[in-house]
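Colleague: This is a predicted model, with the sequence first.
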Amino acid sequence: MAELATTLSKARPVTTHWLAVLAMTGCVFSGEFGTDTISDSSGDDLITIDRAPEKLVFQRNGSSLQVSTADSSDSIRVASWYQNTDRHIETFKASDGSTISSTQVEQLIQAMASWSSDNGGMSWSQALENSQDIHAIISQYWTAPTA
C-alpha cells in the first residue's frame, strides 16, 4: 500500500493506517470538501471525486497538480506532482465511474491549455458553460466505466 500523508478537511479515507500518515489505496472526496493537500510517496493510489468529469479542472500549480471543481471552490492539491512520478496519484475516478490515469491527466492538461489558447484565453471553467468542444476533449482522456 502507498504511504499518503495528507491534510484533509472532509475527505473520507477508504483504507487507513494509524498515526498521522494514511496508508491508502483510495480516498473519496464528496460534498463540499474545501481545499485539501495530498502528499503521496508511492504505490497505486485512487482518488474518487464526487463530481462529473467535465466539472473537474486539472492544472499545474508550481510543482503541484491542482484539481479544482468548476462548480465550487473545492480543490485538491497533489504536492510535488511535477518533482517525482512517485508523487503521482495513479488514477482519479469521477462520480459517473469514469477514470483518468496520471498519464492521461498530463495529456488533458496540455489539451486544456491548447484549447484555451486557441479560444482567446478563455478559462476552462468558462468554457464548460459554453462549448460542446470541451465534452469532446474530455471524452478523449477519461475512460468510461465498463458494464
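Modeller: Alright, I've got the coordinates.

Colleague: measure the residue nearest to Thr143 when sequence neighbours are not counted to Glu32 for me?
Modeller: Leaving out its chain neighbours, the residue that sits closest to Thr143 by C-beta to C-beta, 6 or more residues apart in numbering is Thr99, at 5.1 Å. Quick note: C-beta positions are derived from backbone N, CA and C, even for glycine. With distances taken as C-beta to C-beta, to the nearest Å, Thr99 is found 23 Å from Glu32.

Colleague: Who has more neighbours out of those two?
Modeller: A count of neighbours by other C-beta atoms under 10 Å puts Thr99 above the other of Thr99 and Glu32, at 17 against 11.

Colleague: pretty sure Asp40 contacts Arg87?
Modeller: Yes: using C-beta atoms under 8 Å, Asp40 is in contact with Arg87, at 5.4 Å.

Colleague: Give me the common contacts of these two.
Modeller: Jointly contacting Asp40 and Arg87 under the rule C-beta atoms under 8 Å, 6 or more residues apart in numbering are Val78.

Colleague: The two: which is more packed in?
Modeller: More crowded of Asp40 and Arg87, by other C-beta under 10 Å: Asp40, with 23 against 20.

Colleague: What are the buried residues along the lengthiest helix in the chain?
Modeller: Among all segments of the chain classified by DSSP state H, the helix with the greatest residue count is helix 102-118. Using 16 or more other C-beta atoms under 10 Å as the test for burial, helix 102-118 gives 102, 104-106, 108-109, 111-112, 115.

Colleague: ok, these vs Asp133, which is closest?
Modeller: Nearest to Asp133, judged by C-beta to C-beta, of the buried residues of helix 102-118 is Trp115 at 6.7 Å.

Colleague: For the residue positioned nearest the centre of the chain, give its distance to Ser114.
Modeller: Nearest to the mean C-alpha position of the chain, by C-alpha atoms, centre = their mean, lies Val67 at 4.4 Å. Taking C-beta to C-beta as the measure, Val67 falls 19 Å from Ser114.

Colleague: same question, Ser41
Modeller: Taking C-beta to C-beta, one finds Ser41 at 32 Å from Ser114.

Colleague: quick one: low-confidence parts of this structure?
Modeller: Where the chain drops to pLDDT under 70, the residues are 1-26, 30-31, 130, 147.
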